[in-house]
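Student: please find the sequence and the predicted model below.
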Amino acid sequence: MTNTGMEPGAIAMLVFGVTLLYGGLALFISIALRRSR
Amino acid sequence: MENFERDQWRSRAGFIFSTVGAAVGLGNFWRFPFMAYQNGGGAFILPYFFALLTAGVPLMIMEFSFGHKMRGGATLSFARLGKKYEFIGWWQTMVPLIVMCYYSTIISWSLNYLVYAITQAWGADPNAFFGGKFLGVSSGPWDLGGFRWNIAVAVIIVWLLNYTITKKGISGGIEKACRVMTPLLALLMVIITIRGLTLPGAAYGLNWFLKPDFSKIMNAKVWIAAYAQVFFSTTLAVGVMIAYASYLPEKSDIVNNSFITVFSNSSFDFMAGLAVFSILGYVSVASGVPFEKVATSGAGVAFVAFPKAISMLPMPKFMQSLFGIMFFFALFIAGISSSISMLESFATAALDKYNLSREQIITRISIGGFIGSMFIATGAGVHILDIVDHFVGNYGIALLGLIEAVLLGYVYGTDKIKEHANRYSDFRIGWWLDFCVKYLTPIILGYMFIQNIINEFKAPYSGYPMSAVIILGWGAAIGMLVAALYLASRPWTKMDPYGQVSEKVVSRND
């Protein structure tokens, strides 16, 4: 085992996961906040 | 027919914090990261996200809509659908009643480890400490091996907390507690994740978690694993979400609240994966042990791998201890916010049917649950909880999910679910819900159930004695159904404000 950096495939999936999950969550919360105003 | 003296959530945020608190539990820390690790790494995110949109969200909408429309917990809601379906509601609430017993004991482990973190009492060999000195694991499920008093004392604290919070009701207890606990858990998780990601070797661990193996997503087993993860992680089919939704004010959003709850839970899942794998990567690199040997799934991650990591962190000892306290406190909060939801699921069912006060019901459930937890606080506890958890999960939750999807999809009707859900929601849903609830979910859960049954008869579960598998495993699974049928056969004794027995409380079916 080595202390290397993240592989490109792992970085791509990290960005993909963060965008889908946290982006999705932010979108739904913003809709709720907009509607409550 | 209105419900008498029915409590209500005070705010939308309070409701969401409570549903997220219910969904995010101990499993988020040690189930999702390893499901990804074993099923294609980063490629697992694709079936997981697909399962999220086709099972997690639609089933959550279905449960919120059903509980809100029927204004009752699982029992009253199913009874209102048809008296002959009342037992389904009781069956659903039986699951958390049993799970609570061992879940509370696992929370008590976190409480013990929170104290152990101060001195790092696990020493140089956390594995030997956990199974030996701490749990005193016996030779098998029939060898109780004596009480673990440190665990028993923590179990008392956990049950006192469960009792105190739920006794105060929805708005005065659960909502108030979750408005503090859920944001605090999110904050702790962010701190733990940032510390993990900044450790040397974190990238190495993350490669194991996220490096995609796309060949695996052609395998049906990986898709089933993704659906199982989403289904079990979102606390569906156990009466919790139906009960919580029944306390929403009339003009409440159903659709967007479901999206926010499910996406929040999955965000916790993903963050836990980042935290766990970056820290395990550090342990692997720093100790020179192959990653496969460091990465043990299940509770071992929290109580063996993490203590080892805490003692190895490149920081002063008091900072290591502080990090350990934070981690076990996060586990403790995640556990408590889920255990109170399990208690509430059965309490709402009983409150709806019987002429008893909330305090009387909560006291009875808490005493019963506490006694059950005490069996898990013995040397045989891990064996018992392993067997019961396997059978309750596979033959309780999965089967109940299948029955619920069929009943609500075909008998109640997805049109009614959609019509009610769309009334006050931020945005509307359409044909997608019909497809997911009526076709996709029953096929996937049905396939899962048949596969589980086939595997079960190949060999006794985990090599346990057949007597233990039959009595503890099948006994728990079938016992839940028998108890549900009995409770459904009992008369309704709930009184209306004029002191008359309100059998007709269940007659509403509009």
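Tutor: Arrived safely.
Student: in chain B, what residue lies closest to chain A?
Tutor: Proximity of chain B to chain A (Cβ to the nearest Cβ) peaks at B:Gly42, 2.7 Å away. No exception for glycine: its C-beta is placed from N, CA and C like everyone else's.
Student: could you report the neighbour count for the closest residue to that residue other than its chain neighbours?
Tutor: Leaving out its chain neighbours, the residue that sits closest to B:Gly42 by Cβ to Cβ, 6 or more residues apart in numbering or on different chains is A:Met13, at 2.7 Å. A:Met13: 25 surrounding residues under other Cβ atoms under 10 Å in any protein chain shown.
Student: over to A:Met13. Which of the three states is it?
Tutor: helix (DSSP: H, G, I helix; E, B strand; the rest coil).
Student: so who does it touch?
Tutor: Neighbouring residues of A:Met13 by Cβ atoms under 8 Å, 6 or more residues apart in numbering or on different chains: B:41-43, B:45, B:210-212.
Student: likewise for B:Cys101?
Tutor: Going by Cβ under 8 Å, 6+ apart, B:Cys101 touches B:369, B:372-373, B:375-376.
Student: list the buried residues of the helix or strand containing B:Leu351.
Tutor: If you go by DSSP states H and E, B:Leu351 is part of helix B:317-353. Buried residues in helix B:317-353, counted by 16 or more other Cβ atoms under 10 Å in any protein chain shown: B:320-321, B:323-353.
Student: do stretch B:202-215 as well
Tutor: Judged by neighbour count (16+ other Cβ under 10 Å), stretch B:202-215 contains these buried residues: B:202-212.
Student: near chain A too, which of the residues you listed?
Tutor: With the criterion set as Cβ under 8 Å from any Cβ of the partner chain, the members of the buried residues of stretch B:202-215 near chain A are B:203-204, B:206-207, B:209-212.
Student: burial of B:Glu250, as a residue count?
Tutor: For B:Glu250, using other Cβ under 10 Å, the count is 9.
Student: what's the answer for B:Lys494, then?
Tutor: 19.
Student: shouldn't it be in contact with B:Ala349?
Tutor: No. At 11.6 Å, B:Lys494 and B:Ala349 do not qualify as touching, with contact defined as Cβ atoms under 8 Å.
Student: quick check, B:Ser138 in a helix?
Tutor: No. Per three-state DSSP, B:Ser138 lies outside any helix segment and is coil.
Student: nearest residue to it in space, please, no chain neighbours.
Tutor: For B:Ser138, the closest residue by Cβ to Cβ, 6+ apart turns out to be B:Gly145, at 3.1 Å.
Student: my guess is B:Leu188 contacts B:Ile333. True?
Tutor: Yes. Counting by Cβ under 8 Å, B:Ile333 is a contact partner of B:Leu188 at 7.4 Å.
Student: so where's the chain uncertain?
Tutor: If you meant another chain, say so; for now it's chain A. A:1-3, A:37 (pLDDT under 70).
Student: chain B is the one I meant
Tutor: For chain B, the ranges with pLDDT under 70 are B:1-5, B:495-510.
Student: interface residues of it facing chain A?
Tutor: Residues of chain B lying near chain A (Cβ under 8 Å from any Cβ): B:12, B:41-43, B:45, B:49, B:200-201, B:203-204, B:206-207, B:209-212, B:253, B:256-257, B:259-260, B:263-264, B:266-267, B:270, B:284-285, B:288, B:290-291, B:426-427.
Student: do you know how far the most centrally placed residue in chain A is from chain B?
Tutor: For chain A, the residue nearest the mean C-alpha position is A:Val18 (1.5 Å; Cα atoms, centre = their mean). Using Cβ to the nearest Cβ, to the nearest Å, A:Val18 is found at 8 Å from chain B.
Student: what helix or strand is that residue located in?
Tutor: Secondary structure (DSSP H and E) places A:Val18 in helix A:8-18.
Student: quick check, B:Asn112 in a helix?
Tutor: Yes. Inclusion of B:Asn112 in a helix is indicated when three-state DSSP is applied.
Student: what's the distance between the closest residue to the residue nearest to the centre of chain A other than its chain neighbours and A:Gly24?
Tutor: Leaving aside its sequence neighbours, A:Val18 sits nearest to B:Phe270 (Cβ to Cβ, 6+ apart; 7.5 Å). Using Cβ to Cβ, to the nearest Å, B:Phe270 is found at 11 Å from A:Gly24.
Student: looking at those two, which has the bigger crowd around it?
Tutor: Taking other Cβ under 10 Å, B:Phe270 and A:Gly24 do not tie; B:Phe270 has more neighbours (24 against 19).
Student: would you check that the more buried one makes contact with A:Phe16?
Tutor: No. Using Cβ under 8 Å, B:Phe270 and A:Phe16 do not qualify as a contacting pair, with a distance of 10.7 Å.
Student: with just CA atoms, put stretch B:237-250 into PDB.
Tutor: Provided in PDB are the C-alpha atoms of stretch B:237-250 (Å, rounded to 0.1, in the frame of the first residue of the first chain):
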ATOM      1  CA  ALA B 237     -42.300  -0.200   6.200                       C
ATOM      2  CA  VAL B 238     -42.000  -0.100  10.000                       C
ATOM      3  CA  GLY B 239     -44.700   2.400  10.800                       C
ATOM      4  CA  VAL B 240     -42.300   5.200  11.800                       C
ATOM      5  CA  MET B 241     -42.900   7.500   8.800                       C
ATOM      6  CA  ILE B 242     -46.700   6.800   8.700                       C
ATOM      7  CA  ALA B 243     -46.900   7.700  12.400                       C
ATOM      8  CA  TYR B 244     -44.800  10.900  12.000                       C
ATOM      9  CA  ALA B 245     -46.800  12.000   8.900                       C
ATOM     10  CA  SER B 246     -50.100  11.500  10.800                       C
ATOM     11  CA  TYR B 247     -49.100  14.400  13.100                       C
ATOM     12  CA  LEU B 248     -48.500  16.900  10.200                       C
ATOM     13  CA  PRO B 249     -51.000  19.800  10.000                       C
ATOM     14  CA  GLU B 250     -53.600  19.500   7.300                       C
END
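Student: buried set for that stretch?
Tutor: B:237-248.
Student: equivalent analysis for stretch A:9-16, please.
Tutor: So for stretch A:9-16, counting by 16+ other Cβ under 10 Å, buried means A:9-11, A:13-14, A:16.
Student: quick one: distance of it to the chain centre.
Tutor: 10 Å (Cα atoms, centre = their mean, to the nearest Å).
Student: ok, B:Leu331 - contacts?
Tutor: B:Leu331 sits in contact with B:26, B:29, B:107, B:110, B:302, where contact means Cβ under 8 Å, 6+ apart.
Student: please disregard the earlier target; I meant B:Trp9.
Tutor: Counted by Cβ under 8 Å, 6+ apart, B:Trp9 has contacts B:15, B:18, B:170-171, B:175, B:247-249.
Student: try it again at 7 Å.
Tutor: Residues near B:Trp9 by Cβ atoms under 7 Å, 6 or more residues apart in numbering or on different chains: B:15, B:170-171, B:175, B:247-248.
Student: out of these, list just those in helices.
Tutor: Those of the contacts of B:Trp9 mapping onto helices are B:15, B:175, per DSSP state H.
Student: and the contacts of B:Trp9 as TSV, adding distance to B:Thr363?
Tutor: TSV is the format used below for these (distance: Cβ to Cβ, whole Å):
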residue	distance to B:Thr363
B:Phe15	26
B:Ile170	17
B:Ser171	20
B:Glu175	21
B:Tyr247	21
B:Leu248	26
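Student: quick check, nearest of the contacts of B:Trp9 to B:Leu161?
Tutor: Lowest distance from B:Leu161 to these (Cβ to Cβ) belongs to B:Glu175, with 15.6 Å.
Student: okay, now that closest one: neighbour count?
Tutor: B:Glu175 - counted by other Cβ under 10 Å - has 25 other residues nearby.
Student: look up the closest residue to it, ignoring the ones flanking it.
Tutor: Per Cβ to Cβ, 6+ apart, closest to B:Glu175 is B:Gly14, 3.9 Å.
Student: spit out the contact partners of B:Ser337.
Tutor: Going by Cβ under 7 Å, 6+ apart, B:Ser337 touches B:21-22, B:178, B:181-182.
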